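Enquirer: no sequence on hand, only this structure:
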């Protein structure tokens, strides 16, 4: 028969087995923890990358919409300006014609005033001559 093992020997063997199991478990947990940390870091980077790509896409779409709106506003403004010019053009032509007629009338009025002044001066001279002639006749 085989000698009997004492409880102490089997106890120390059990402790060594537990210790080696704990060391192996710690090592595997370290590997798992590192792997999980690496996976978590990689996941965070991927999330950041996707978020940045989405934000860049949103920014690009926003800038494109702004550019289109500016283009549309500029086009509408140009059309409005052309419409306003079309409306103003006949009015301006009419104003130009009225100003030309006003100048002609003012020139005619000035000519008439000059003729009236000349006529008045001539009439005054004739009247003065007539008065002088009568004074000469009455004085003589």
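Expert: Received the coordinates, thanks. Quick caveat, the model's predicted, so the values are computed rather than measured. Numbering: from 1, shown residues only.

Enquirer: alpha carbons only for contacts and neighbour counts from here, please
Expert: Will do.

Enquirer: can you list the residue ranges for helices in this structure?
Expert: In the chain, the helices defined using DSSP state H lie at 7-139.

Enquirer: so how far is stretch 127-139 off the chain centroid?
Expert: In terms of C-alpha atoms, centre = their mean, to the nearest Å, the centre of stretch 127-139 is found 88 Å from the chain centre.

Enquirer: what distance do you get for the residue most central in space within the chain to residue 42?
Expert: Here the mean C-alpha position of the chain is nearest to the C-alpha of residue 70 (C-alpha atoms, centre = their mean), at a distance of 6.7 Å. The gap separating residue 70 from residue 42 is 41 Å, by C-alpha to C-alpha, to the nearest Å.

Enquirer: what's the answer for residue 140, then?
Expert: 139 Å.

Enquirer: more neighbours: those two, which one.
Expert: More crowded of residue 140 and residue 42, by other C-alpha atoms under 10 Å: residue 42, with 12 against 6.

Enquirer: neighbours around residue 85, how many?
Expert: Residue 85 sits with 13 neighbouring residues when counted by other C-alpha under 10 Å.

Enquirer: I should have written residue 58 there, sorry.
Expert: Neighbour number of residue 58 under other C-alpha under 10 Å is 12.
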